[in-house]
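Student: quick one, structure for this:
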Amino acid sequence: MNRDTRPHSAPEIVDVAVVGGGPAGLSAATALGRSRRAVVVIDAGEPRNAVAAHAHNVFSRDGAEPLALIAAAREQAAAYGVALVDDRVTRVRRAPDGFALETAGGRTVQARRLLLASGLRDVLPDIPGLAAHWGDSVVHCPYCHGWEVRDRAIVVIGTTPRSSHQALMFSRLSDDVVFVRHDSPRDAASDADLVALGVRIVDGVVARVDDDSDGALDSVVLADGTALPARAVAVGPSFEARTELYEQLGGSPSVVEGVGVVIPADAVGMTPLPGVWAVGNARDATAMVGASAAAGTMAGAALNMDLLVDEAAAARAQGPGPRPRTTA
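Tutor: Okay, here's the model as predicted:
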């Protein structure tokens, strides 16, 4: 059942509708709420890092549970009048005053601006056994999860053009790192760097990942039957931003080679579509929690100024007189 956790009813027309209640969306909403903007955050409750037990490299909160971070951010955003709605936006369209959003729960929200902070999906390589350990002993980011797999036998599976770079970073964390070429391109300079830092290179294709009798990750098995001991596996998933709403409005996603699909936007989140902004992993597939939160704050500030420019133009057209202030 969809749960509405708002402290009060959202205005009929809000200044900004934020789709996605992760670090980026909530940070943007908080910045806007502190500027007395009417904001609604609609969140489907599918955070990308839900599979991870802890979030790392988060300023002053390293090791915090991801869902605990979100809970604290929601409480703080609500204190500034941000409306929080647990629901899924299924459709968006242009409306006379901006945008009309429809949710799975039957709600319709009118908004002057739209901020897409709906994150992305990690699409793992189609290798049997990987998914069962995703977020635990199968990882992709040495900065997010590398410390937790330090000193283990680590196998890096080459699935992207940057996989050798990934293996190079994991070499800082263990003396037992093997790089399996799989389907990543050969690069003589990268190979030389890996060998120089003690990484063993195996030219082979991975067939599956096996567990031991206790269900823990045990080995990476190649197509020729060779079993490589592995207590951790690093892979490069394809990152696919949730672009459905952007495409409903006529937008075209961007393909970043070796990374995946994102929503195109500038440094503060403005997309090519007027009135539509994108932030966090929806725009930058490689952004970690801290970077996504910072980007959300910047987007919130930029959105506030964008609205102010419109309001100033309308006020000039209206002429002298009192100005109503839209508040949450």
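Student: going forward, measure contacts between C-alpha atoms and count neighbours the same way
Tutor: Will do.
Student: which stretches in the stretch 201-328 of the chain count as strands?
Tutor: Assigned by DSSP state E, counting those that start in this stretch, the strands in the stretch 201-328 of the chain fall at 206-211, 217-222, 227-229, 232-234, 238-241, 254-256, 260-262, 276-278.
Student: and of those, who's closest to Val41?
Tutor: strand 276-278 (13.7 Å; Cα to Cα).
Student: what about that closest one, average pLDDT?
Tutor: For strand 276-278, mean pLDDT is 98.
Student: give the buried residues for that strand.
Tutor: 276-278 (16 or more other Cα atoms under 10 Å).
Student: circling back to that earlier point, minimum distance to Arg172: which of the strands of the stretch 201-328 of the chain has it?
Tutor: Once those are compared by Cα to Cα, strand 232-234 is nearest, at 13.5 Å.
Student: now do the closest one, average pLDDT.
Tutor: For strand 232-234, mean pLDDT is 97.
Student: list the helices and strands it packs on?
Tutor: Here strand 232-234 is seen to pack against strand 138-139, strand 154-157 when contacts are counted using 3 or more Cα pairs under 8 Å, 6 or more residues apart in numbering; DSSP states H and E.
Student: ok, and what's touching the longest one?
Tutor: Contacts with strand 154-157, where a contact means Cα atoms under 8 Å, 6 or more residues apart in numbering, come from 163, 166-167, 170, 174, 176-182, 206, 220, 228, 230-236.
Student: rewinding a little: in a markdown table, list the buried residues of strand 276-278 along with distance to Val139.
Tutor: Putting these into a markdown table (distance: Cα to Cα, whole Å) gives the following:
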| residue | distance to Val139 |
| --- | --- |
| Val276 | 33 |
| Trp277 | 30 |
| Ala278 | 26 |
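Student: going by distance to Ala44, which of the residues you listed wins?
Tutor: Using Cα to Cα, those come closest to Ala44 at Ala278, 16.7 Å.
Student: let me know whether that closest one touches Pro272 as I believe.
Tutor: No: counting by Cα atoms under 8 Å, Ala278 stays clear of Pro272, with 10.2 Å between them.
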